[in-house]
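S.K.: For reference, the sequence and a predicted model appear below.
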2 protein chains.
Amino acid sequence: MPASEVYRLIEPGPVVLLTTRAEDGAADVMTMSWHMMVEFVPPLIACIVSEGDYSFQALDATGECVIAIPGLELAEKVVAIGNCSGRDTDKFTTFGLTALEAQRVRAPLVGEAFANLECRVADRTLKAKYNLFVLEVVAAWRDGRDPAPATIHHHGYGRFVADGAPLTLASRMP
Amino acid sequence: MPASEVYRLIEPGPVVLLTTRAEDGAADVMTMSWHMMVEFVPPLIACIVSEGDYSFQALDATGECVIAIPGLELAEKVVAIGNCSGRDTDKFTTFGLTALEAQRVRAPLVGEAFANLECRVADRTLKAKYNLFVLEVVAAWRDGRDPAPATIHHHGYGRFVADGAPLTLASRMP
């Protein structure tokens, strides 16, 4: 998909998956909701990956990850992925996710997600202070079968909301 | 509302309003979707306020703002607020919004929003590079009448999605 369209996936605030591949080759995936767009083109995305998250080490060491955007039908898996750690679980195998080869990074795409964003860490200025990484999207993939898949949004303590009715309003904003 | 509950409002990625009060006393309000949680307590929120936005100057000069969270019933006003600029429009008057006095900052609360977060700028490290501000929520207000008001999410080019069905899943995440 075009880089200029990436913000339309992240701006609505979906729960996403973040994959990494450690230097030893092991792939991992975590669940993440603390992310935002920073720039349209090239697409920059800020996110918080806590030092306590198992993915932190691989993300920081390799400077690469994939943000995969799951549809509503993956909601139970997405939550289960967030409930365990790559320290003791091979999550791709456990949750039956298909790790596909990415084009520009070593971290895997998630075959079951409807969109995948290959990312490189662009800025670590606020990493030490807030665990904040700025990522640049270097390649983006979208499954075009469903033009508007429903995503999920996290409200805390196991409460989520699925996307509901679409609204079209006369916005001059991109 | 307790500071520890603030992330439950921002993490789902709603379109929000950001109010400021310039040093000359003029209140303004803009529409914003590029924001994320950074820390639970004290609640820290990162956001992008572009140098081209009229609110940038007041936010940067005063270091204060309010993030107001509008429900679905305000969707048309929220878009109209994003379609014009405080440079030539008194938006509170034009859109019939009630500017209420905040407790800890000079920027006004929005009476019609179901939640209001009084914020102070906590970090400008990435302001010059990305227009990125880290805000600390210093007081938070929530209208308790509707326990789960529907919010809106921006998909670009006038397309929005309203919150739909709630899901409860066995998450161990806060």
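M.R.: Good, I have the coordinates.

S.K.: Indicate the residue of chain A located nearest to chain B.
M.R.: A:Gly13 (1.1 Å; Cβ to the nearest Cβ). Every C-beta, even on glycine, is put in place using the N, C-alpha and C of the backbone.

S.K.: got the contact list for the most centrally placed residue in chain A?
M.R.: Nearest to the mean C-alpha position of chain A, counting by Cα atoms, centre = their mean, stands A:Ile67 at 2.6 Å. Applying Cβ atoms under 8 Å, 6 or more residues apart in numbering or on different chains, we find A:Ile67 in contact with A:10, A:16-18, A:32, A:35, A:45, A:47, A:116-117, A:119, A:135, A:137.

S.K.: Now do it, the pLDDT please.
M.R.: A:Ile67 is assigned a predicted lDDT (pLDDT) of 98.

S.K.: re the thing from before, the contacts of A:Ile67 also near chain B: which ones?
M.R.: The subset of these within reach of chain B, by Cβ under 8 Å from any Cβ of the partner chain, is A:35, A:47.

S.K.: What are the boundaries of the strands in chain A?
M.R.: Taking DSSP state E to define them, one finds strands in chain A at A:16-21, A:27-32, A:35-39, A:44-48, A:64-69, A:99-100, A:109-110, A:115-123, A:132-142, A:152-156, A:159-168.

S.K.: Keeping just the C-alphas, turn the longest one into PDB.
M.R.: What that stands for is strand A:132-142. This file holds the C-alpha atoms of strand A:132-142, laid out as PDB (Å, rounded to 0.1, in the frame of the first residue of the first chain):
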ATOM      1  CA  LEU A 132       9.300   5.800  23.600                       C
ATOM      2  CA  PHE A 133      10.500   4.700  20.100                       C
ATOM      3  CA  VAL A 134       9.800   6.600  16.900                       C
ATOM      4  CA  LEU A 135       9.500   4.100  14.000                       C
ATOM      5  CA  GLU A 136       9.700   4.800  10.300                       C
ATOM      6  CA  VAL A 137       7.400   2.600   8.200                       C
ATOM      7  CA  VAL A 138       9.700   1.400   5.300                       C
ATOM      8  CA  ALA A 139       7.100  -0.900   3.600                       C
ATOM      9  CA  ALA A 140       3.400  -1.500   4.100                       C
ATOM     10  CA  TRP A 141       1.100  -4.300   3.100                       C
ATOM     11  CA  ARG A 142      -2.600  -4.500   3.100                       C
END
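
S.K.: so which of the strands of chain A gets nearest A:Ser85?
M.R.: Distance to A:Ser85, taken as Cβ to Cβ, is lowest for strand A:27-32 among those, at 8.5 Å.

S.K.: how many neighbours does A:Gly96 have?
M.R.: Neighbour count for A:Gly96, taken as other Cβ atoms under 10 Å in any protein chain shown: 9.

S.K.: Phi and psi next, for it.
M.R.: phi 60, psi 40 (degrees, to the nearest 10).

S.K.: Once you drop chain neighbours, what's closest to it?
M.R.: Nearest residue to A:Gly96 in three dimensions, chain neighbours excluded: A:Lys77, at 7.9 Å (Cβ to Cβ, 6 or more residues apart in numbering or on different chains).

S.K.: who are the neighbours in contact with the one you found?
M.R.: So A:Lys77 contacts A:70, A:95-97 (Cβ under 8 Å, 6+ apart).

S.K.: so can I have CSV of the residues you listed showing pLDDT?
M.R.: Formatted as CSV, the contacts of A:Lys77 follow (pLDDT from 0 to 100):
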residue, pLDDT
A:Pro70, 98
A:Phe95, 98
A:Gly96, 97
A:Leu97, 98
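
S.K.: picking that back up, can you pull the pLDDT of the residue nearest to A:Gly96?
M.R.: In this model, A:Lys77 carries a pLDDT of 97.

S.K.: Please apply the same query to the one 3 residues further on.
M.R.: At A:Ala80, the model reports a pLDDT of 97.

S.K.: That one - how many residues pack around it?
M.R.: With neighbours defined by other Cβ under 10 Å, the count for A:Ala80 comes to 19.

S.K.: again, but for A:Ser55
M.R.: 21.

S.K.: A:Arg145 too?
M.R.: Counted with other Cβ under 10 Å, A:Arg145 comes out at 7.

S.K.: ok, it - contacts?
M.R.: A:Phe114.

S.K.: Let me have the contacts of A:Ile67 in JSON lines, extended by neighbour count and pLDDT.
M.R.: Formatted as JSON lines, these follow (neighbours: other Cβ atoms under 10 Å in any protein chain shown; pLDDT from 0 to 100):
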{"residue": "A:Ile10", "neighbour count": "26", "pLDDT": "97"}
{"residue": "A:Val16", "neighbour count": "26", "pLDDT": "98"}
{"residue": "A:Leu17", "neighbour count": "26", "pLDDT": "98"}
{"residue": "A:Leu18", "neighbour count": "25", "pLDDT": "98"}
{"residue": "A:Met32", "neighbour count": "21", "pLDDT": "98"}
{"residue": "A:His35", "neighbour count": "25", "pLDDT": "98"}
{"residue": "A:Ile45", "neighbour count": "25", "pLDDT": "98"}
{"residue": "A:Cys47", "neighbour count": "24", "pLDDT": "98"}
{"residue": "A:Asn116", "neighbour count": "25", "pLDDT": "98"}
{"residue": "A:Leu117", "neighbour count": "30", "pLDDT": "98"}
{"residue": "A:Cys119", "neighbour count": "30", "pLDDT": "98"}
{"residue": "A:Leu135", "neighbour count": "27", "pLDDT": "98"}
{"residue": "A:Val137", "neighbour count": "26", "pLDDT": "98"}
